[in-house]
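Asks: Sequence and predicted structure, then a few things I'm wondering about:
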Amino acid sequence: MGKKELDTKIVTAGRAKKWTQHLVNPPVSRASTIVFDSVAEMKHATANRANKELFYGRRGTNTHFAFQEAMVELEGGVGCALYPCGTAAISNAILSFVKAGDHILMVDGVYEPTRDFCDKMLDKMGVETTYYDPMIGEGIRDLIRPNTTVLFLESPCSITMEVQDVPTLARIAHEHDLVVMLDNTWASPINFQPFEHGVDISIQAATKYIVGHSDVMLGTATANERCWDQLRESSYLMGQCTSPDDVYLAMRGLRTLGVRLKQHEQNSLKIAKWLAEREEVDHVRHPALESCEGHEFYQRDFKGCNGLFSLVLNRGNTEALTALLDGMEHFSMGYSWGGFESLILANENINTIRTAKKKDFAGPMLRLHIGLEDCGDLIRDLEKGFERFNAVLNS
């Protein structure tokens, strides 16, 4: 079979006839109990239960196997574990590689629930967390201890959008035999190839761009050969499993991932550049723009961007931000992103979720997810929002 280009992979991955049964899409197979016709057949399934053989519903059905195979083909690695949400993928990946007395390094710009997991769960289990500056680079050496087991990356970072030097961090981590984990959700499986840059385990909140329609919770963790067996078996022992109906929707979302991301990218760049010229805006934190920390690493390592970015305002207060947000027509407020719709959130207190690196800007921050609507409509919506914002500040 010849080499396939990315757009072809997106359409064909996970569609082997053993999964599709000659249909276009793998059918939804719901099961708890798997029944066998003979002792020999049961023993064979038991011996091969970790290798895409029907064994028990929690191990997965053909629906799950097809999606896992597709994720590995798109993102790399040798195996993919499934979880009921992205946070479950993060917490179970970490738990699979730590024990009491261990120490982990966690990027300071991480998704807030990941920080909460470290502070409220790992701490109780005797696992210590050190948060590090996302832009630390070679300086990560100074934070590695004899009992450090995991280096966790998120690139770009949540909200503040710093792009990390993943290859450098991974190289140093491997010199000390650490497991390198990356929350790769922003890039999706197609805009950053984690295993080509030294990552051992790549995590996706498939809830976001993979599903793409804001109607499914799902997480994935794809691992290389070094880590796959331990990740798979530990996650299974912790009871992780997913609905085949949700997995089917994720597989369907994959088929349009490429075209959706291209449109998200086009829309977000147009609006980010428009925002950068607004007098209310101090700077825009979009990885594809020079004003974003780590932009040089984005240019070097990424194949494209998406609809999610942040911006910092020159000034503002809670009353003015409320006036801006409350009157939006096309931008909704919501704690997710990656769907077809545009979203907006204000983040006034970044320092409350940063400990290694305090913010270096004064004004409030907005995070936008640019959806698939017409850019003209979205810009007019933002213009009216700024009018309300300025009216409050100037009153």
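Replies: Sure thing, it's come through.
Asks: which intervals of the stretch 51-200 of the chain have sub-threshold pLDDT?
Replies: For the stretch 51-200 of the chain, no stretch is flagged by pLDDT under 70.
Asks: rerun that using 90 as the cut-off
Replies: The model of the stretch 51-200 of the chain has pLDDT under 90 over residues 51-59.
Asks: Next, the distance between the ends of stretch 365-382.
Replies: One end of stretch 365-382 sits 15 Å from the other (C-alpha to C-alpha, to the nearest Å).
Asks: ok, how many other residues are close to the closest residue in space to residue 32 that isn't next to it in sequence?
Replies: Excluding the flanking residues, the one nearest residue 32 by C-beta to C-beta, 6 or more residues apart in numbering is residue 57, at 4.0 Å. (Glycine included, C-beta is placed from N, CA and C.) The tally of other residues near residue 57 (other C-beta atoms under 10 Å) stands at 16.
Asks: for residue 57, what are its contacts?
Replies: Neighbour list for residue 57: 31, 32, 33, 34, 241 [criterion: C-beta atoms under 8 Å, 6 or more residues apart in numbering].
Asks: Show me which of those residues is closest to residue 25.
Replies: Closest approach to residue 25 among the contacts of residue 57 (C-beta to C-beta): residue 31, at 17.9 Å.
Asks: And the nearest residue to the closest one once chain neighbours are set aside, how far from residue 243?
Replies: With sequence-adjacent residues excluded and distances taken as C-beta to C-beta, 6+ apart, residue 31 is closest to residue 57, at 4.6 Å. Separation of residue 57 from residue 243 (C-beta to C-beta, to the nearest Å): 11 Å.
Asks: Also residue 36?
Replies: Where residue 243 is concerned, residue 36 sits at a distance of 24 Å (C-beta to C-beta).
Asks: Also residue 136?
Replies: 39 Å.
Asks: same deal with residue 42?
Replies: Residue 42 is 26 Å from residue 243, by C-beta to C-beta.
Asks: Look at those two and report which has more neighbours.
Replies: Shown here are residue 42 and residue 243; by other C-beta under 10 Å, residue 243 has more neighbours (17 against 14).
Asks: Could I get the buried residue list for stretch 131-143?
Replies: Neighbour counts over stretch 131-143 (16 or more other C-beta atoms under 10 Å) mark 131, 132, 133, 134, 135, 136, 140, 143 as buried.
Asks: can you give me the strands for the stretch 251-395 of the chain?
Replies: Counting by DSSP state E, counting those that start in this stretch, one finds strands in the stretch 251-395 of the chain at the ranges 281-285, 308-313, 343-347, 365-369.
Asks: Residue 50 against residue 235, yeah?
Replies: No. The criterion here is C-beta atoms under 8 Å, and residue 50 misses it with residue 235 at 11.5 Å.
Asks: Show me which of these two is the more surrounded one.
Replies: Neighbours around residue 50 and residue 235, counted as other C-beta under 10 Å, are more numerous at residue 235. The numbers are 21 against 14.
Asks: so that one, which of the three states?
Replies: helix (DSSP: H, G, I helix; E, B strand; the rest coil).
Asks: so it sits right up against residue 79, yeah?
Replies: No. Using C-beta under 8 Å as the test, residue 235 is too far from residue 79 to be in contact (10.6 Å).
Asks: returning to that earlier point: would you mind giving both backbone torsions of the residue nearest to residue 32?
Replies: The phi/psi pair for residue 57 (degrees, to the nearest 10) reads phi -50, psi -30.
Asks: next one: residue 223
Replies: According to degrees, to the nearest 10, residue 223 has phi -120, psi 160.
Asks: isn't it right next to residue 75, touching?
Replies: No. With contact defined as C-beta under 8 Å, residue 223 does not reach residue 75; the gap is 10.3 Å.
Asks: Name the residues contacting each of the two.
Replies: residue 202.
Asks: ok, those two, which is more surrounded?
Replies: In this view residue 223 and residue 75 are compared by other C-beta under 10 Å, and residue 223 has more residues nearby, 28 against 23.
Asks: what sits opposite the more buried one in the beta ladder?
Replies: Here residue 223 sits in beta bridges with residue 79, residue 201, as judged by DSSP bridges.
Asks: if I look at the nearest residue to residue 100 once chain neighbours are set aside, how far off is residue 145?
Replies: Nearest residue to residue 100 in three dimensions, chain neighbours excluded: residue 126, at 3.6 Å (C-beta to C-beta, 6+ apart). For residue 126, the distance to residue 145 equals 14 Å [C-beta to C-beta].
Asks: coming back round to it: who are the contact partners of the residue nearest to residue 100?
Replies: Counting by C-beta under 8 Å, 6+ apart, residue 126 touches 100, 101, 102.
Asks: And it, how close does it get to residue 45?
Replies: Distance of residue 126 to residue 45, computed by C-beta to C-beta: 38 Å.
Asks: would you turn the contacts of residue 126 into JSON lines with distance to residue 171?
Replies: Listed next are those as JSON lines, based on distance: C-beta to C-beta, whole Å:
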{"residue": "100", "distance to residue 171": "29"}
{"residue": "101", "distance to residue 171": "26"}
{"residue": "102", "distance to residue 171": "21"}
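Asks: Drop anything exposed from these.
Replies: By neighbour count, with 16+ other C-beta under 10 Å, the contacts of residue 126 hold residue 102 as buried.
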